[in-house]
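Undergrad: next one to model:
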Amino acid sequence: MARIPYPDIDLPEYKPMADRVRKERAGWVGNIHKLIMYSPQVFDGYMHFLTAIRQQAVLDGRYRELAIMMVAAINDADYEFNAHAPFALKSGVTQSQIDALRRCERAADLAPADRAVIDYTEASTRSVRVPDDIFNAVKKHFDERQLIELTLTIGCYNMVSRFLEAMHVDHDYPTK
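TA: Numbers count the residues shown, from 1 in each chain. I've put the predicted structure just below:
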């Protein structure tokens with residue numbers, strides 16, 4: 001159970017934010033969105049940032065989802081991991097690769113770029129400072145913009161997982 005109550009998103013002060021989430025997230029208002037609505041200015045920035053990361057970046061969705069899944073696994077953020085598993089599958093990540101990520105392992109059938117993304121994500125999440133050899137390995141596969149977007153995705157989803165876990169956000173993601 002969440003540490004603070006979810007607001008009633010039908011109340012006038014929350015309804016415009018809930019409508020925005022419904023529009024941008026296929027009709028679904030998640031519990032994470034509800035809690036962030038307590039701070040309208042932060043909610044606005046959060047929505048802009050996450051929409052840019054998830055829907056406007058040039059970084060291929062496969063790499064984004066590999067990074068998000070690894071962040072979630074390292075941080076033991078079940079909500080985040082389970083919510084992103086369907087997106088990972090849709091982007092071409094296999095179930096066996098997802099299962100390995102859940103254990104913070106690398107599946108044997110990962111492509112070199114996949115492995116570099118996972119290694120980079122793990123180093124950034126666990127240590128913050130990424131060793132040169134790991135950065136150079138990921139740099140072989142991505143241009144400057146993609147590297148920036150990958151790095152921001154990792155940082156962003158570390159923030160998300162920490163919020164989810166600190167607030168004990170209840171799992172409510174769609175199961176489709």
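Undergrad: domain parsing for the protein?
TA: Structural domains assigned to the chain are 15-56, 61-167, following automatic domain parsing.
Undergrad: among those domains, which is nearest Ile9?
TA: Shortest distance between Ile9 and the domains of the chain, using C-beta to C-beta, is found for domain 15-56: 3.8 Å. Heads up, the C-betas are built off the backbone N, CA and C, glycines and all.
Undergrad: quick check: end-to-end length of the closest one?
TA: 25 Å (C-alpha to C-alpha, to the nearest Å).
Undergrad: pull the distance from that domain to the chain's centre.
TA: Distance of domain 15-56 from the chain centroid (C-alpha atoms, centre = their mean, to the nearest Å) equals 14 Å.
Undergrad: what about it, average pLDDT?
TA: For domain 15-56, the mean per-residue pLDDT is 94.
Undergrad: re the thing from before, adding mean neighbour count and distance to Pro5, write the domains of the chain out as TSV.
TA: As requested, these are arranged in TSV below (neighbours: other C-beta atoms under 10 Å; distance: least, C-beta to C-beta, whole Å):
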stretch	mean neighbour count	distance to Pro5
domain 15-56	16	9
domain 61-167	18	11
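Undergrad: looking at these, which has the lowest confidence?
TA: Of all the domains of the chain, domain 15-56 carries the lowest average pLDDT, namely a mean of 94.
Undergrad: just give me the longest helix of this structure.
TA: Longest helix of the chain, by residue count under DSSP state H: helix 144-167.
Undergrad: hang on, the earlier thing: how about the domains of the chain in TSV, adding distance to Arg3?
TA: Formatted as TSV, those follow (distance: least, C-beta to C-beta, whole Å):
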stretch	distance to Arg3
domain 15-56	9
domain 61-167	5
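Undergrad: show me where the chain has its helices.
TA: Going by DSSP H, the chain shows helices at 15-24, 31-36, 40-51, 61-74, 78-90, 95-102, 112-127, 132-139, 144-167.
Undergrad: got JSON lines for the ones you listed, with distance to Pro7 too?
TA: Converted to JSON lines, these look like this (distance: least, C-beta to C-beta, whole Å):
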{"stretch": "helix 15-24", "distance to Pro7": "9"}
{"stretch": "helix 31-36", "distance to Pro7": "6"}
{"stretch": "helix 40-51", "distance to Pro7": "11"}
{"stretch": "helix 61-74", "distance to Pro7": "25"}
{"stretch": "helix 78-90", "distance to Pro7": "18"}
{"stretch": "helix 95-102", "distance to Pro7": "32"}
{"stretch": "helix 112-127", "distance to Pro7": "30"}
{"stretch": "helix 132-139", "distance to Pro7": "40"}
{"stretch": "helix 144-167", "distance to Pro7": "13"}
